[in-house]
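K.L.:
what's the 3D shape of this:
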Amino acid sequence: MDGENCICSYVDEGSVESHRYYLARRTVLEMLRDRGYTISDSDISLTLPEFRSIHGQRPDLERLRISTTLISNPSKKILVIFCGTDVVKLGIVRGILSQVSHDNLSRMILVLQNKMTAQARQATKELFPYKVELFQITDLLMNITKHVLKPKHEILTPEEKQKLLSKYNVEEKQLPRILEADAVATYYGLEPGQVVKVTYDSEVTGLHVTYRCVM
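P.N.:
Numbering: from 1, shown residues only. Presented below is the predicted three-dimensional model:
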């Protein structure tokens, strides 16, 4: 009987829906903090039971929205919107555009639970006056940068990038490349031309540092 009670204590009796939102929202919060946005430790350390006590078993997507600013430049704001389970069509994108206050917004993230039509995807590029990033919720259920096999990535400032190029007397195009669509590049929201310092440290490779330019 004690064994059964022990096993039962590990069973999640809440909804799968709330668990998915909890995991995805936590990853987004960690991602924003890693990008240099203002995120409190208490938000990231929120437990699943605490999340459910606030948002319930069927969270209201409006209440899951995240709005915060860059620590280095508070005038730059980002907004994260969780979309519903329907296919995201052009009308939904236009609805988001009309309902959102665009004051000081420099970037937006849409977390999708279903596919997005080609028309809607194109609209995110043409209708919004800033970059709109798209993430599938299934890609946010775990933080890829915390994987044991992932090397450490650090984004260089423009000044650091210039010092690197001058130090080795190379041009940007001569650096090893990382695609803008790479999972790590999308996690950090990197743009073409930005440079990341990649540090490998394992028993196989030892300590090894390389630099990659986003393309």
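K.L.:
what distance separates the start and the end of stretch 196-212?
P.N.:
Using Cα to Cα, to the nearest Å, the span of stretch 196-212 from its first residue to its last is 5 Å.
K.L.:
now what about it, what contacts it?
P.N.:
151-156, 164, 175-178, 184-185, 188, 190, 195, 214 (Cβ atoms under 8 Å, 6 or more residues apart in numbering). Where you see a C-beta, it was placed from the backbone N, CA and C, and this is true even at glycine.
K.L.:
let's see 10 Å
P.N.:
Contact with stretch 196-212 is made by 148-156, 160-161, 164-165, 168, 170, 175-179, 182, 184-185, 188, 190, 194-195, 213-214, as judged by Cβ atoms under 10 Å, 6 or more residues apart in numbering.
K.L.:
what about it, distance to the chain center?
P.N.:
On the basis of Cα atoms, centre = their mean, to the nearest Å, stretch 196-212 sits 23 Å off its chain's mean C-alpha point.
K.L.:
what about the strands in the chain?
P.N.:
66-69, 77-82, 105-112, 131-136, 152-155, 177-178, 195-202, 206-214 (DSSP state E).
K.L.:
quick one: low-confidence parts of the chain?
P.N.:
1-12, 148, 205 (pLDDT under 70).
K.L.:
quick one, helices of it?
P.N.:
Applying DSSP state H to the chain gives helices spanning 2-8, 16-34, 41-44, 48-55, 90-99, 118-126, 158-168, 183-188.
K.L.:
that older thread, are any of the contacts of stretch 196-212 buried, and which?
P.N.:
The neighbour-count criterion (16 or more other Cβ atoms under 10 Å) marks 151, 153, 155-156, 161, 164-165, 175, 178, 182, 184-185, 188, 190, 194-195, 213-214 among the contacts of stretch 196-212 as buried.
K.L.:
before we move on, the earlier item: of the strands of the chain, give the one that comes closest to residue 123.
P.N.:
strand 131-136 (9.1 Å; Cβ to Cβ).
K.L.:
Now do that closest one: which elements does it pack against?
P.N.:
Other helices and strands packing on strand 131-136, by 3 or more Cβ pairs under 10 Å, 6 or more residues apart in numbering; DSSP states H and E, are helix 16-34, strand 77-82, helix 90-99, strand 105-112, helix 118-126, helix 183-188.
K.L.:
would you turn the strands of the chain into a markdown table with distance to residue 23?
P.N.:
As requested, those are arranged in a markdown table below (distance: least, Cβ to Cβ, whole Å):
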| stretch | distance to residue 23 |
| --- | --- |
| strand 66-69 | 14 |
| strand 77-82 | 12 |
| strand 105-112 | 11 |
| strand 131-136 | 13 |
| strand 152-155 | 22 |
| strand 177-178 | 26 |
| strand 195-202 | 26 |
| strand 206-214 | 27 |
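K.L.:
how close does residue 35 get to residue 190?
P.N.:
9 Å (Cβ to Cβ, to the nearest Å).
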